[in-house]
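Colleague: Sequence first, predicted model second:
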Amino acid sequence: MGRGNFLHNTYERVSQFEEVAEFISRQVLEIKCDIETQKLLSDTDYACHLVFKLSQKCRGLQCPVKVQDLLHRKNKEFQYIYFISPRFVYLQGNGRAPKYREDGLMEVIMWEFNSGNNDHVPMSLKLRCYEGNMSSLIVYGIEFRPI
């Protein structure tokens, strides 16, 4: 999930996630992986959900975080995600607010893709916090679900 400035396994296991990472002081988070499509429905649109929790000492993360697809830099498209729902929700086109889950965690859609007919789909995302940092963000994992 990136290098440095985070703690592993500092929280009890919740749901199906084996490990968690709490970020201490980080402005940028890069997520890279190859999604094995044999575990997905072929030629189907999917949403990539970041599953997280905020520590009790959270004082930041009020501002949106920019998500950029590094594999498609030429089109210069990006999304904004929130880890804390904005007070006044006016999310125009490229903004996404978090939702609470039944297991007590939160999730936010940070990327969408089509599974196609290939063996894998590469994913390379950069999340950047421009105001403050992502300290007290506890990442539990990523889930892929059909849209």
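Modeller: In hand now; what should we look at? Residues are numbered from 1 along each chain as shown.
Colleague: Spatially central residue (nearest the centroid) of the protein, please.
Modeller: To find the centre residue of the chain, average its C-alpha atoms and take the closest one (C-alpha atoms, centre = their mean): that gives residue 50, at 3.2 Å.
Colleague: if I look at that residue, how far off is residue 26?
Modeller: Applying C-beta to C-beta, to the nearest Å, one obtains 14 Å for the distance of residue 50 from residue 26. Just so you know, the C-beta spots here come from the backbone N, C-alpha and C atoms, and that holds for glycine as well.
Colleague: now residue 57
Modeller: Residue 57 sits 15 Å away from residue 26, taking C-beta to C-beta as the criterion.
Colleague: okay, those two: which has more neighbours?
Modeller: For the pair residue 57 and residue 26, the greater number of neighbours falls to residue 26 (17 against 7), based on other C-beta atoms under 10 Å.
Colleague: Now that one. Its backbone dihedrals?
Modeller: The phi and psi values for residue 26, taken as degrees, to the nearest 10, are phi -150, psi 130.
Colleague: where's it relative to residue 133, distance?
Modeller: Here residue 26 is placed at a distance of 6 Å from residue 133 (C-beta to C-beta).
Colleague: Kindly report the same for residue 19.
Modeller: Distance, residue 19 to residue 133, by C-beta to C-beta: 21 Å.
Colleague: Going by how many neighbours each has, rank those two and give me the top one.
Modeller: More crowded of residue 19 and residue 133, by other C-beta under 10 Å: residue 133, with 17 against 13.
Colleague: what about the more buried one, helix or strand, and which?
Modeller: Using DSSP states H and E, residue 133 falls within no helix or strand.
Colleague: ok, the residue in the chain sticking out farthest from the centre - contacts?
Modeller: The outermost residue of the chain relative to its centre, with distances by C-alpha atoms, centre = their mean, is residue 117 at 24.6 Å. Remark: with contacts taken as C-beta atoms under 8 Å, 6 or more residues apart in numbering, residue 117 is in contact with 37, 42-43.
Colleague: wait, is residue 80 part of a strand?
Modeller: Yes: assessed by DSSP: H, G, I helix; E, B strand; the rest coil, residue 80 belongs to a strand.
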